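Undergrad: Got a predicted structure here, sequence first:
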Protein chains: 2
Amino acid sequence: MIGKIGIGLLGYGNVGVGLVKLLEQSQEVVFSRTGLTFEVIGALVRDPQKPREVALPFLTDDPAEIYLHSKVDIVVEILGGIEPATTYLLEALKHGKHVVTANKAVLAENGSEIYGKAHSLKRRVGIEAAVCGGIPVIKALNQGLVANRINGIDGIMNGTTNYILSQMHRSDVSYQEALTQAQNAGFAEPDPALDVNGSDTAQKLSILARFAFGVDLPWKLIPRHGIEQISSADIHFARKIGYVIRLIGSGHRNGSGIDFRVTPALIPERHPLAHVQDEYNAITIRGDAVDNQMLYGKGAGAFPTASALLADMVDVATGGGIGIGQLNGIEPAQLTTLPTRYYLRFPIPDKPGAIGKLAMHLGEQKISIRNASAELSGSASNVGQVQIVTHQTYPSQIEKAFDKIIEDGLLLGDPVGFPILNPS
Amino acid sequence: MIGKIGIGLLGYGNVGVGLVKLLEQSQEVVFSRTGLTFEVIGALVRDPQKPREVALPFLTDDPAEIYLHSKVDIVVEILGGIEPATTYLLEALKHGKHVVTANKAVLAENGSEIYGKAHSLKRRVGIEAAVCGGIPVIKALNQGLVANRINGIDGIMNGTTNYILSQMHRSDVSYQEALTQAQNAGFAEPDPALDVNGSDTAQKLSILARFAFGVDLPWKLIPRHGIEQISSADIHFARKIGYVIRLIGSGHRNGSGIDFRVTPALIPERHPLAHVQDEYNAITIRGDAVDNQMLYGKGAGAFPTASALLADMVDVATGGGIGIGQLNGIEPAQLTTLPTRYYLRFPIPDKPGAIGKLAMHLGEQKISIRNASAELSGSASNVGQVQIVTHQTYPSQIEKAFDKIIEDGLLLGDPVGFPILNPS
């Protein structure tokens, strides 16, 4: 495509308005860098009569008016939700349009179908905005690091949980207090479940898996743990031994497969991910040629997301985006698990023998202790905390030990276990 | 271009051998991502008879055999030095080849001519490897952040100086000791002048200036200070007030122009650049849509550089690289200076009145002191240090004050002054 590119919007909420404003303010810089200009033809909305902050040539509640419009070259989907977004994207492709989407749920659920349809119809798909907002991580994997076999990724991909954990570290508040602060600051939804339980990160990780590792990975197959169980005791202990806790989505390759996880993890202070604060996102990528890289930036917000959408519109208009390349050799992910060091915390009563029994159960699962610390109150009614750092351990060992310890009636609450990231 | 792309190498040293090895080891992943394969046709070398670690179809000492070869689609220049590299690149373009170069000196001196020639001949130029090795910063500016007006960049772009400063922070050694360690570890040249005096960073900054800000900036116009004068006293003081010292190349825009500098700077520990250690590089980019981003990775080495070269080969083969876009609207850089806080150190004798005179000279230049600390030995023969953090100050105020203070015979050595980066 050259000259003026017609854009049809599916959805016209916050991000849509951000995109239209950005198109206006960036017109000159985009033209000077690419020779292209973009014109928004119209948008699909629920209520075409409702007044809008920025007017468009037309608003419609009929999606066909967008994807059948002769002036629309690229359909930009910013509806959110799996349906009807998936159907509309497929319809747009069928009608000869290229598509750009910010919709991680659609891609995590139906990405393969959409990429496949685009491939067979020789249309292109831009998805940068769906993972980590304004950070060009998909482009880095597809283009900048094209010559690298990717051996590992570790990403802070969810601003809500990162804001909560940053607050817990900084202000010594509880999980509940930090969550409330995040909600008040607009960084957490009224119902934050999909963020704090790791689902959002798992969806993004499943999208990245294809471009990093060339595998198809349904997001529900990713073992995931949320941040709901993290206590001040965990944050304090981590800090004392030189770590911070963050929610990580990771994939690490060994000979037999890839260990994908979403989990809170202890990150050494020297690791670049340890300094990612508040609503920022970052992804470290280990490639066989470049070694460790990190991309850091804002993972959400109307303007960062619009920046990624517009970059994809340029990419798609100039022949980039997800084309034939990323479909060659995609295989189902072979899941494996790699050992890591672990941080464990057990809430126990201050009873003689409790620590001994705990240690015995860990020993029976061949979990080897690197260091341990116990804080007991001296009163049987109060909860004490035993905190342990292990040597290299498999998640299955931890799970079995937890089961046995719970079965044995040793605990006054749920045990907690997070992997510890190696220094990068 | 589709299918098999012919590559002609100008130069076949470390990076060239790295590239040939990487082409071999990444063949499968590159093909699956792009549908392309690359074949090295031959290389220009000084001595075609000398045995090589990895053999090529042919070696020649005649550059025309590379850029006239019918099977060569892309000429990859990894000679280093300004000439004959510039001449060969222009010849290759004239003979219809696309070019990819890792040569920052060529681009800093003759970039405009090369881009202009490529533009007029409809050829493409890949330059990713010339700035920060394996970090895809040129692609981020041209593509991922295409919709952003860039308002500021701050980059650690030189591994040698970053290694030296990391060592000084970590091991409490002097500049000279750290330099020797860097030389022993292979991170500093026997003659490190161009690295430690900031010239290397200035060349990279001048290349980035075009793609970040759309301006033409001859590198010798960039005000630059090296790291030679940094002492343990500076490192200690910085650490005490929560900062680390790094050599930064920066550009910051205001209404009237851009403040470009190469200088050691105090970076607050909360800033993501503060955690860039040893030979790593990183660049923070402030775009109007994405806000702050950072790219982090290895800035040198045969494989990271080869990774960037190969990414550019893909880009050029698929219609990317520096094309018409980046030439529109390029203007000479309008230089300006912005005020920042400053760190100052004065080596003074322990004489009554010395500090008072110092403070008077600063006051005369309207330099306002935020905090100060003096360590005096109590013996007139020993050097004391007065260390000062200023409020917002222009470099010209600092220079004038230094001149007056030196003129007044107050100092026992050179005064030192570095800007302090704002938290990002």
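TA: Great, that's in hand.
Undergrad: Now for the residue lying farthest from the centre of chain A: which residues touch it?
TA: Using CA atoms, centre = their mean, the residue of chain A lying farthest from its centre is residue A:352. It sits 43.9 Å away. Residues in contact with residue A:352 (CB atoms under 8 Å, 6 or more residues apart in numbering or on different chains): none are found. (C-beta placed from N, C-alpha, C; glycine too.)
Undergrad: Pull up the distance across stretch A:91-101, start to finish.
TA: End-to-end distance for stretch A:91-101, by CA to CA, to the nearest Å: 14 Å.
Undergrad: tell me the mean pLDDT for that stretch?
TA: If you average the pLDDT over stretch A:91-101, you get 97.
Undergrad: so where is the stretch 251-400 of chain A shaky, pLDDT-wise?
TA: A:321-328, A:377-382 (pLDDT under 70).
Undergrad: What's the local residue count around residue A:409?
TA: Close neighbours of residue A:409, defined as other CB atoms under 10 Å in any protein chain shown, add up to 9.
Undergrad: State the distance from it to residue A:388.
TA: With distances taken as CB to CB, to the nearest Å, residue A:409 is found 19 Å from residue A:388.
Undergrad: What are the contacting residues of stretch A:301-309?
TA: Applying CB under 8 Å, 6+ apart, the external contacts of stretch A:301-309 come out as A:14-15, A:17-19, A:21-22, A:76, A:78, A:100, A:102, A:126, A:128-129, A:133-136, A:279, A:297-298, B:144-145, B:147-148, B:287-291.
Undergrad: Mark which of these are part of strands, please.
TA: A:76, A:100, A:126, A:297-298, B:287, B:291 (DSSP state E).
Undergrad: which residue ranges form the helices in the stretch 101-250 of chain A?
TA: Remark: helices assigned in the stretch 101-250 of chain A by DSSP state H, counting those that start in this stretch are A:104-120, A:137-139, A:159-171, A:175-184, A:193-196, A:199-213, A:232-240.
Undergrad: for those, which one sits closest to residue A:331?
TA: Closest approach to residue A:331 among these is made by helix A:199-213 (9.5 Å; CB to CB).
Undergrad: Let me know the angle separating that closest one from helix A:104-120.
TA: Taking axes from the mean of the first three to the mean of the last three CA atoms, to 10 degrees, one finds helix A:199-213 and helix A:104-120 inclined to each other by 30 degrees.
Undergrad: so helix A:199-213 versus helix A:159-171, what angle?
TA: Going by the same axes, to 10 degrees, helix A:199-213 makes 110 degrees with helix A:159-171.
Undergrad: contacting residues around the longest helix along chain A?
TA: Longest helix of chain A, by residue count under DSSP state H: helix A:14-34. Helix A:14-34 is contacted from outside by A:7, A:9, A:36-38, A:40, A:43, A:52-54, A:56, A:76, A:78, A:102, A:301-303, A:305-307, A:309-310, A:314, A:317-318, B:142, B:146-149, B:214, B:288-289, B:325-326, B:328-329, using CB under 8 Å, 6+ apart.
Undergrad: which of the contacts of stretch A:301-309 are buried?
TA: Neighbour counting by 16 or more other CB atoms under 10 Å in any protein chain shown classes A:15, A:17-19, A:21-22, A:76, A:78, A:100, A:102, A:126, A:128-129, A:133-136, A:279, A:297-298, B:144-145, B:147-148, B:287-291 among the contacts of stretch A:301-309 as buried.
Undergrad: if we can go back for a sec, ok, of the contacts of helix A:14-34, which come out buried?
TA: Among those, the ones that count as buried by 16+ other CB under 10 Å are A:7, A:9, A:36, A:38, A:40, A:43, A:56, A:76, A:78, A:102, A:301-303, A:305-307, A:309-310, A:314, A:317-318, B:142, B:146-149, B:214, B:288-289, B:325-326.
Undergrad: Mind checking which of the residues you listed land in helices?
TA: The helices, defined by DSSP H, take in A:302-303, A:305-307, A:309-310, A:314, A:317 from these.
Undergrad: follow-up on the earlier one: check which helix or strand the residue farthest from the centre of chain A maps to.
TA: Assigned by DSSP states H and E, residue A:352 falls within no helix or strand.
Undergrad: can you check the one 10 residues further on too?
TA: Secondary structure here is read from DSSP H and E; on that basis residue A:362 sits in helix A:354-364.
Undergrad: Who are the packing partners of the following helix or strand past that helix?
TA: Where DSSP H and E defines the elements, the next helix or strand beyond helix A:354-364 is strand A:369-375. Contact partners of strand A:369-375 among helices and strands, from 3 or more CB pairs under 8 Å, 6 or more residues apart in numbering or on different chains; DSSP states H and E: helix A:354-364, strand A:383-390.
Undergrad: rerun at 6 Å
TA: Packing contacts for strand A:369-375, counted by 3 or more CB pairs under 6 Å, 6 or more residues apart in numbering or on different chains; DSSP states H and E, involve strand A:383-390.
Undergrad: List the buried residues of the strand it packs on.
TA: For strand A:383-390, the neighbour count (16+ other CB under 10 Å) marks A:383-390 as buried.
Undergrad: Tell me the gap between the helix or strand that it is followed by and the middle of its chain.
TA: Downstream of strand A:383-390, the first helix or strand assigned by DSSP H and E is helix A:395-407. Centre-to-centre, helix A:395-407 and its host chain are 28 Å apart (CA atoms, centre = their mean, to the nearest Å).
Undergrad: dump the residue contacts of residue A:282.
TA: A:156, A:273, A:276, A:294, A:296 (CB atoms under 6 Å, 6 or more residues apart in numbering or on different chains).
Undergrad: how about those in a markdown table, adding distance to chain B and neighbour count?
TA: Converted to a markdown table, the contacts of residue A:282 look like this (distance: CB to the nearest CB, whole Å; neighbours: other CB atoms under 10 Å in any protein chain shown):
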| residue | distance to chain B | neighbour count |
| --- | --- | --- |
| A:156 | 12 | 27 |
| A:273 | 10 | 22 |
| A:276 | 8 | 26 |
| A:294 | 4 | 24 |
| A:296 | 4 | 26 |
